[in-house]
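J.: build me a model from this:
(one chain, ligands or ions: 1)
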Amino acid sequence: MTVCSFVGRRAACLVRPATLWHETIPDMQPCETIPDVTVHQEKSPFIQACRRGPVPYTPVWYMRQAGRSLPEYRKVREGVSMLDSCTRPDLITEITLQPLRRYDVDAAILYSDIVVPLRAVGIDVDIKAGIGPVVATPIRTAADLARLRPLSPDDVPYVTEAVQMLVAELDHRPLIGFAGGPFTLASYLVEGGPSKNHDKTKALMYGDPEFWHALLGRLADITISFLQIQVAAGASAIQLFDSWVGAVAPDDYRHAILPHTRRIFSALAVTGVPRIHFGVGTGELLGLMGEAGADVVGVDWRIPLDEAVRRVEPGKALQGNLDPAILLAPWDVVEERAKDVLGRGRTAEGHVFNLGHGVLPETDPGVLARLADLVHAESAHPDA
Ligand code: CP3
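T.: A predicted model of the protein is given here:
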């Protein structure tokens with residue numbers, strides 16, 4: 001089956017040979033035409049910075065910009081569980097747009113979660129408030145792997161519908177789609193919930209490579225499909241959150257994780273959308289994370305951006321990296337540190353301003369609004 005989506009003037013035809021689609025999206029419907037709304041998004045500072053092109057100012061968005069720091073989020077979530085809220089296009093759309101009404105950010109990020117595609121294929125995962133994802137029956141043996149079947153668009157119609165609604169609504173602002181990276185998803189599945197040291201996961205990675213690669217292969221398939229579905233519906237960029245992969249040493253990353261991550265990014269290459277790769281505590285992995293094939297490497301706050309430039313191969317943009325905890329300090333500290341990030345970011349071929357990890361729930365939204373304005377004003381080049 002040939003599948004195509006014409007996305008604005010980019011006219012990116014998301015065509016892959018039927019056999020390849022079959023690997024990832026077995027039941028994809030043919031020829032879906034997306035409205036011509038991504039033309040402006042292509043020229044947006046965010047997309048331009050991801051492509052290392054000229055920008056009028058440094059674009060900014062915040063990981064976890066939607067969520068508990070916003071009273072309007074807490075209000076619409078009343079009485080609705082986290083994962084149920086991720087299956088309702090009306091709520092997904094509303095929550096995705098909430099931060100854009102407050103902050104002059106240069107991109108929206110879809111309201112969803114990295115475990116949404118896992119639940120969609122039948123994994124008994126829930127998100128417990130204040131804890132995170134909890135998996136009732138962890139995946140630890142080869143026999144458990146059959147539970148990780150491929151994801152098809154019919155498993156997540158609410159994602160397609162929400163992305164289409166959002167793209168129509170967002171006009172010039174790009175929508176970022178996302179998915180969890182292989183190590184991070186594996187950790188939740190193997191540990192059964194959040195983990196400090198990921199011991200059981202790493203024990204399998206070191207001790208049972210055959211199982212490990214089979215697990216990460218299935219997770220990569222699900223992730224590829226989840227990202228393709230979001231791009232086919234109109235997402236203008238994607239971010240792979242391998243949040244906890246910093247727990248792994250570089251040599252192990254190279255053998256145990258990189259091949260799967262590389263496959264994810266290369267499957268997305270045909271879409272033409274910028275691909276961002278982020279993890280926490282990944283200072284020692286930044287070079288390899290770039291090699292995995294992303295266009296943009298996300299950096300947490302532990303490594304200054306000019307040092308990250310030296311660690312990542314040429315030809316990549318960087319994203320980051322203000323410590324989210326700095327936003328809890330007085331404004332003059334925030335201002336000084338944000339300017340420092342911008343200054344170091346100028347050494348990169350492209351820079352998207354962001355925090356080094358997600359917005360903390362106790363963050364004052366007023367500070368985030370002021371910060372977005374500061375980033376724009378400080379970085380403005382009138383001639384660009
Ligand atoms: O605005 C955005 O950034 C988009 C929304 C988003 C959510 N989860 C919504 C959410 C994104 C990008 C994610 C990704 C995600 N989910 C990651 C990668 C990003 C990161 O932080 O490293 C991870 C590791 C998860 C797993 C997860 N889901 C955790 C650790 C938690 C927090 C648990 C808690 O209560 O402290 C969640 C829940 C979650 N995902 C919330 C939101 C808004 C909070 C749920 C609530 O309102 O109770």
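J.: okay, K43: pLDDT?
T.: Per-residue confidence (pLDDT) for K43: 87.
J.: and it, how many residues sit next to it?
T.: Using other C-beta atoms under 10 Å, K43 has 12 neighbouring residues. (Glycine included, C-beta is placed from N, CA and C.)
J.: contacting residues around it?
T.: K43 makes no contacts at all, as judged by C-beta atoms under 8 Å, 6 or more residues apart in numbering.
J.: for it, give its distance to K316.
T.: Summarising the geometry, the distance separating K43 from K316, computed by C-beta to C-beta, to the nearest Å, is 21 Å.
J.: cool, and L91?
T.: Using C-beta to C-beta, one obtains 35 Å as the distance from L91 to K316.
J.: the two: who's more crowded?
T.: Taking L91 and K316 together and counting by other C-beta under 10 Å, K316 has the greater number of neighbours (24 against 18).
J.: residues touching F278, list them.
T.: Counting by C-beta under 8 Å, 6+ apart, F278 touches 63, 239-243, 297-298, 319.
J.: what about the spatially most central residue of the chain, which SS state?
T.: The centre of the chain sits closest to Q239, judged by C-alpha atoms, centre = their mean, with a distance of 2.8 Å. The assignment at Q239 comes out as strand when based on DSSP: H, G, I helix; E, B strand; the rest coil.
J.: stretch 104-113: how far from the chain's middle?
T.: Between the mean C-alpha point of stretch 104-113 and the mean C-alpha point of its chain there is a distance of 10 Å (C-alpha atoms, centre = their mean, to the nearest Å).
J.: and if you look at stretch 202-221?
T.: Using C-alpha atoms, centre = their mean, the distance from the centre of stretch 202-221 to the centre of the chain it belongs to is 22 Å.
J.: any residue of it touching the ligand?
T.: No: counting by C-beta under 6 Å from any ligand atom, the ligand has no neighbours in stretch 202-221; the shortest distance is 13.9 Å.
J.: return the set of buried residues in that stretch.
T.: For stretch 202-221, the neighbour count (16 or more other C-beta atoms under 10 Å) marks 202, 204-205, 211-213, 215-216, 218-221 as buried.
J.: looking at these, which are in helices?
T.: If you go by DSSP state H, these have 202, 204-205, 211-213, 215-216, 218-221 in helices.
J.: what residues does this protein put near the ligand?
T.: Counting by C-beta under 6 Å from any ligand atom, the residues of the chain near the ligand are 63-68, 77, 82, 109, 111, 113-114, 127, 129-130, 132-133, 178, 184, 241, 243, 358.
J.: those in strands, which ones?
T.: Using DSSP state E to define strands, the subset of those located there is 109, 127, 132-133, 178, 241.
J.: tell me the most packed of these, by neighbour count.
T.: The most crowded member of these is P133, carrying 26 neighbours; neighbours defined as other C-beta under 10 Å.
J.: could you report the neighbour count for V167?
T.: For V167, using other C-beta under 10 Å, the count is 24.
J.: can you map out the helices along the stretch 1-150 of the chain?
T.: In the stretch 1-150 of the chain, the helices defined using DSSP state H, counting those that start in this stretch lie at 18-24, 39-42, 45-50, 71-76, 82-85, 89-102, 116-120.
J.: between these, which one is closest to V273.
T.: The minimum distance between V273 and the helices of the stretch 1-150 of the chain falls on helix 45-50, with 8.4 Å, by C-beta to C-beta.
J.: output that closest one in PDB with nothing but the alpha carbons.
T.: Coordinates of the C-alpha atoms in helix 45-50 are reproduced here as PDB (Å, rounded to 0.1, in the frame of the first residue of the first chain):
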ATOM      1  CA  PRO A  45      12.200  30.600  14.000                       C
ATOM      2  CA  PHE A  46      11.900  27.300  15.800                       C
ATOM      3  CA  ILE A  47      12.100  25.200  12.600                       C
ATOM      4  CA  GLN A  48      14.800  27.400  11.200                       C
ATOM      5  CA  ALA A  49      16.900  27.100  14.300                       C
ATOM      6  CA  CYS A  50      16.500  23.300  14.200                       C
END
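J.: show me what that helix is packed up against.
T.: If contacts are counted by 3 or more C-beta pairs under 8 Å, 6 or more residues apart in numbering; DSSP states H and E, helix 45-50 sits against strand 237-241, strand 351-355.
J.: now, of those, which is deepest in the fold?
T.: Ranked by mean neighbour count under mean count of other C-beta atoms under 10 Å, the helices and strands packed on helix 45-50 are led by strand 351-355, which reaches a mean of 29.
J.: that one - what's its average pLDDT?
T.: When pLDDT is averaged along strand 351-355, the result is 98.
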